[in-house]
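[1] The sequence and its predicted three-dimensional model are supplied below.
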Amino acid sequence: MRVPSVRVYTTSSGLDPAELRPGADVVLELDEAHGVDAPWEVLVDDYLSVEARGRLDAATVAALGRWRASYDERLTVDGVCLPFVREWPLLRLILPTARGAAGLSRAVERHRPASIEVMDRDPHTHAVVAAVAERAGVPVTTPEGAGPVEGRPRWRPVPLGRRLRRLALRLATVLGAPSLLRRDSVLIVSYWPLIPLLDRMLSDRDWKPAMLLAKRPTGPRRILRTALRGGWVGLSSPQGVRRAAGRAQEALDAARRGPTSSLDLCGLPLGALLHRRALELVRASAGTDVADAAVLRRALSRGQATRLVAGSVVDPDTRLIVSVAGEAGIRTLLLAHGAYLLPQPLVDMELGDELALWSWTVAPPLRNRDRPIHVVGYPLPHSPPATRELAPGRDDPTVVVLGQNGHPYTSTIDARIAVRQYTAAIRAVSTRFPRATVVLRPHPSADLGPLGSLVARFPSVRVEVDATGAILDLLGRADLCIGGSSAATMQAALVGTPVVVLNLSGFEWPWPIGGATTVSVARSEAELRTTLDHWAGARTLHGRDDLLEGLGARGADATEHLLRILERGPQGPSSPDRVRES
């Protein structure tokens, strides 16, 4: 049906979602709090099927690859390929534009408006709308009085102690910090799966674990012991960053005048827009990346460190560290940092000389198999108890609901999912157990703002939010976990907590949270209520063994396994056709 006009909004923040009309209003970015209240076919994601989103992921990665093929060499400064270091942030930048353009194009095709009104003065939105309108042959207007978009601040509580430690480090390193690595040290890029390995090394005088001041381990005592035992890699100075930024500026200026068509997407002329934004992203960090690489090269070229151990190389800092270690001839061992359960168009863990996985079930879809790959199991100490039962007649259980957030590196999960997941879980639990306590646990990267509106939405239900507590402690206190596509869902089995997987995504998740699993999987609020009824009657739920097997929690000591790998020294590559499980 043809409509007079489609009104396009950059974001639904500040709007009343109940007043938005399908076919008349289209929002490029949905305020997460509006995930339930905004009508269907108001958000651009609503116009894209799951299959279409998968194709969009592939097209976006291909476009980024074409752009990098044109600009990697041009944007290499002092031996640092800036697009390579920032590859994942570049994907995160491009993907929302591609999704917005594709969804808006589909909305225009369906509703055939006589014109498009852009309801604010966001330049990025205007560029996307102009590209869509040009292909559709539709005029674009902007109402008088339309103003700029004001970003909604994201709120994450930071404990006082952590804030004070960060401030102290900034003050102590305002002029940079020199490196001091001891001979035969093992450099560890700190992340939570590597903490048990670091602690084991600190308890054995034969090991000399070292750290990066930019990636310090948790706890002042652990930091001090690591510094004394193996030393540290320092920080670049503000002057060094400024000088490096100056050297990068010439390359960036030249790239600005280069071709842009490689970033055209969805049959739309988006290349100029995305090229400009990609260069802005690279420019913002160019000085830091080049200066940090110089610090790393000075520290690692002296031959003091013998090995480097790190986790995910999505993070640009870790990617840079692993790359410079390779330049210096230092062998790198990567330990998987979590469970890879959602589509991953751009594959993590492709760098590194050796790779350690929890299990093949939660491994990324690796292409680089021509290297030693070890399956070491779940990296934290564990001795999983039996799954707890619900006491007979109990009507006040504590239920933890894990947040199912959209993933920034794939379009498959839409922006509505977090609030839909929480809302469906709260309604189902409160219907079956009116005296229950529902604890919402957001993903560490999630915006906490929408959770306040959720608590207010259910005044008669005891709803709490736990954003910062230790996840295993929280799960251990719960009678039930309603989980999503995250490692935390499987970790519930480590503490004996029964699990129901709630999958509202519209596509099937892999085993053990989907497929031929014995875990209870609900794909709607109604199915979740049925599962809760079963739990109340049977008092327990199946699936523990599948979750533990998927997690790699087989009782083995992963830390000891990692130490043996490090002790053996350099290994030859694995056969591409037969990846060894050590």
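    Received it, and whenever you're ready, just let me know what you need.
[2] Check which residues of stretch 546-564 are buried.
    Across stretch 546-564, burial judged by 16 or more other C-beta atoms under 10 Å covers 546-553, 557-559, 561-563. Where C-beta positions appear, they are placed from N, C-alpha and C, glycine not excepted.
[3] How about the contacts made by the closest residue in space to Pro178 that isn't next to it in sequence?
    By the measure of C-beta to C-beta, 6 or more residues apart in numbering, the closest residue to Pro178 outside its immediate chain neighbours is Gly234, 4.8 Å from it. With contacts defined as C-beta atoms under 8 Å, 6 or more residues apart in numbering, Gly234 is in contact with Thr173, Gly176, Ala177, Pro178, Ser179, Leu180, Leu213, Val295, Ala299.
[4] give the contact list for the last one.
    Applying C-beta under 8 Å, 6+ apart, one finds that Ala299 lies in contact with Ser179, Leu181, Val233, Gly234, Ala305.
[5] Leu480 against Pro397, yeah?
    Yes. Counting by C-beta atoms under 8 Å, Leu480 sits close enough to Pro397 to count as a contact (5.9 Å).
[6] overlap in contacts of these two?
    For the pair Leu480 and Pro397, residues contacting each of them under the criterion C-beta under 8 Å, 6+ apart are Leu390.
[7] How about the contacts made by Ala245?
    Contact partners of Ala245, counting by C-beta under 8 Å, 6+ apart, are Ala286, Gly287, Val290.
[8] export the residues you listed to JSON lines and tack on pLDDT and distance to Leu451?
    Rendered in JSON lines, the data for the contacts of Ala245 read as follows (pLDDT from 0 to 100; distance: C-beta to C-beta, whole Å):
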{"residue": "Ala286", "pLDDT": "98", "distance to Leu451": "36"}
{"residue": "Gly287", "pLDDT": "97", "distance to Leu451": "37"}
{"residue": "Val290", "pLDDT": "98", "distance to Leu451": "39"}
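[9] could you flag which of these are buried?
    With neighbours counted by 16+ other C-beta under 10 Å, the contacts of Ala245 contain buried members at Ala286, Gly287, Val290.
[10] Is the first one in a helix, a strand, or coil?
    Put plainly, it is Ala286. The three-state label given to Ala286 by DSSP: H, G, I helix; E, B strand; the rest coil is helix.
[11] gap between stretch 466-482 and the chain center?
    Stretch 466-482 sits 20 Å away from the centroid of its parent chain (C-alpha atoms, centre = their mean, to the nearest Å).
[12] Okay, domains of this protein per the record?
    Under the assignment named as automatic domain parsing, the residue ranges that make up the domains of the chain are 5-141, 181-233+301-381+557-568, 398-551.
[13] Of the ones you listed, which is nearest Gly267?
    Put simply, out of the domains of the chain the one that sits nearest Gly267 is domain 5-141, at 7.0 Å, with distance taken as C-beta to C-beta.
[14] What's the end-to-end length of that closest one?
    10 Å (C-alpha to C-alpha, to the nearest Å).
[15] low pLDDT regions in the stretch 151-300 of the chain?
    Within the stretch 151-300 of the chain, the set of residues satisfying pLDDT under 70 comprises 151-175.
[16] And the strands in it, which stretches?
    With strands called from DSSP state E, counting those that start in this stretch, the stretch 151-300 of the chain shows them at 180-181, 185-188, 209-212, 231-233.
[17] Tell me which of the ones you listed lies nearest to Pro22.
    strand 209-212 (50.4 Å).
[18] Can you give the contact residues for the closest one?
    181-182, 185-190, 198, 201-202, 217, 223, 226-227, 229-233, 305, 321.
[19] Restricted to buried residues, select these in ChimeraX.
    In ChimeraX, selecting the buried portion of the contacts of strand 209-212, with burial taken from 16+ other C-beta under 10 Å, looks like this:
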select :181,185,186,187,188,189,190,198,201,202,217,223,226,227,229,230,231,232,233,305,321
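[20] And the strands in the stretch 451-582 of the chain?
    Along the stretch 451-582 of the chain, counting by DSSP E, counting those that start in this stretch, strands occupy 462-465, 480-483, 499-502, 520-522.
[21] Show me what the third one packs onto, helices and strands only.
    Translated: strand 499-502. Of the remaining helices and strands, those touching strand 499-502 by 3 or more C-beta pairs under 8 Å, 6 or more residues apart in numbering; DSSP states H and E are helix 417-432, strand 480-483, helix 487-491, strand 520-522, helix 525-538.
[22] strands paired with it, and their directions?
    As defined by DSSP bridges, the strand partners of strand 499-502 come to strand 480-483 (parallel), strand 520-522 (parallel).
[23] deepest of those strands, which one?
    For the strands paired with strand 499-502, average neighbour numbers computed from mean count of other C-beta atoms under 10 Å are highest in strand 480-483, which has a mean of 28.
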